[in-house]
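Chemist: here is a sequence together with a model predicted from it:
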Amino acid sequence: MKKILLVICLIYAGLQALNASEALHGKGEKAITALHEFSFHSADTIIQSMERQYPDHYLPHLTRAHYYWWKMISQESEVRKRKHYLASLEKAEKLVNQMVLDGAYDKQDVFHFINLYAMKARLDLLNGEYRAALRHVNRCVRFLKTSLGYEENFEGFYLTSGLYNYMTDYATGRLPLFFVYALLYPRGDMEKGIAQLNNATRLENLIVRTEAHYFLMKIFLELEKDFMKALPHARWLTEKYPGNLIYLYHYHQVLSLSRNETMALDVKRAYHDILQNHNHLSPAQRNYLLQLL
């Protein structure tokens, strides 16, 4: 009887852990969705709840870093915001390192680990610290190697593999410093990367879909200079998140570069109407976004 009760307790404990994990990831997705909606107060409230309930898990800190990233790109970047962003990532990384040592992680965790190091590299690039960026790219690739080719096992990998395949191939031919490092990496494939990102835009997971549309828009807008291909992705983002002024700004860019001046003017008017009535923006954000468009 004692053994049976012990087994039941262990099963119940396992179910509790599973439910806690599902609840945590669910809250993380709600917070990220709120950020895409430019609902900064709502996102902050959700993240605070995550931080209180799960102080020893990496995800609340990683989600907090996303919060600071959106604050940084929606206003003139302050040193203090960058410090908070980096501090959140370092807290997450410390907990990730322990999970890796324990071998206590799954495919969903790998997806977030890749995201963590990509976000660290992103800040390095913003600061012009290219060698530090490559160091974090190396750590990112460490986890990417375990996910490339496993997209059907975990659909989020369509996003990470797609970005890896496109960006590695793109950068290898254009950045001499990266070319040396790329010799140690799995080879990229730009066409395959675009196909995988397009697959990601059709997935059920809204966060992955949103990121895939965003990166395809950025690739076609800024790297490929193919504005007609950028257009449907920019349109999707603004239709899904009409209050996101960064997405509206990019949509205006794409329309202007596509010489669709009438729609560009309509978007500009909508942008200023939303900006005027938005109640989730700080004065610094409001001032920056007013000057942006």
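Modeler: It's in.
Chemist: quick one: Glu191 from Leu223, how far?
Modeler: To Leu223, Glu191 is 14 Å away according to C-beta to C-beta, to the nearest Å. (Each C-beta comes from the backbone N, C-alpha and C, glycine too.)
Chemist: per-residue pLDDT, Glu152?
Modeler: If you check Glu152, the pLDDT there is 91.
Chemist: Glu204 too?
Modeler: Note on Glu204: pLDDT of 92.
Chemist: let me see the contact set for Gln276.
Modeler: Contact analysis of Gln276 by C-beta atoms under 8 Å, 6 or more residues apart in numbering lists nothing.
Chemist: tell me the mean pLDDT over stretch 271-286?
Modeler: In this model, stretch 271-286 has an average pLDDT of 92.
Chemist: for that stretch, which positions count as buried?
Modeler: Across stretch 271-286, burial judged by 16 or more other C-beta atoms under 10 Å covers Tyr271, Ile274, Leu275, His278, Leu281, Gln285, Arg286.
Chemist: so His41 is in which element?
Modeler: helix 40-53 (DSSP states H and E).
Chemist: what lies in contact with stretch 198-205?
Modeler: Taking C-beta under 8 Å, 6+ apart as the rule, stretch 198-205 contacts 151, 155-156, 158-159, 162, 208-209, 211-213, 216, 233, 236.
Chemist: meant to ask about stretch 34-50, not that
Modeler: Applying C-beta under 8 Å, 6+ apart, the contact partners of stretch 34-50 are 24, 27-28, 30-32, 59-60, 63-64, 66-67, 70-71, 74, 210, 240-241, 243-245, 278, 280-282.
Chemist: so Asn287 is in which element?
Modeler: Assigned by DSSP H and E, Asn287 falls within helix 283-292.
Chemist: so what's Asp56 closest to, chain neighbours aside?
Modeler: Leu95 (6.8 Å; C-beta to C-beta, 6 or more residues apart in numbering).
Chemist: wait, that neighbour touches Pro55, no?
Modeler: No. Applying C-beta atoms under 8 Å as the test, Leu95 and Pro55 come out as separate, 9.7 Å apart.
Chemist: counting neighbours, go ahead and name the busier of those two.
Modeler: For Leu95 versus Pro55, neighbours defined as other C-beta atoms under 10 Å are more numerous around Leu95 (17 against 11).
Chemist: quick one: contacts for that one?
Modeler: Applying C-beta under 8 Å, 6+ apart, we find Leu95 in contact with Asp56, His57, Tyr58, His61.
Chemist: re earlier: on the three-state scheme, the residue nearest to Asp56 is what?
Modeler: Following DSSP: H, G, I helix; E, B strand; the rest coil, Leu95 is assigned to helix.
Chemist: noted, bye for now.
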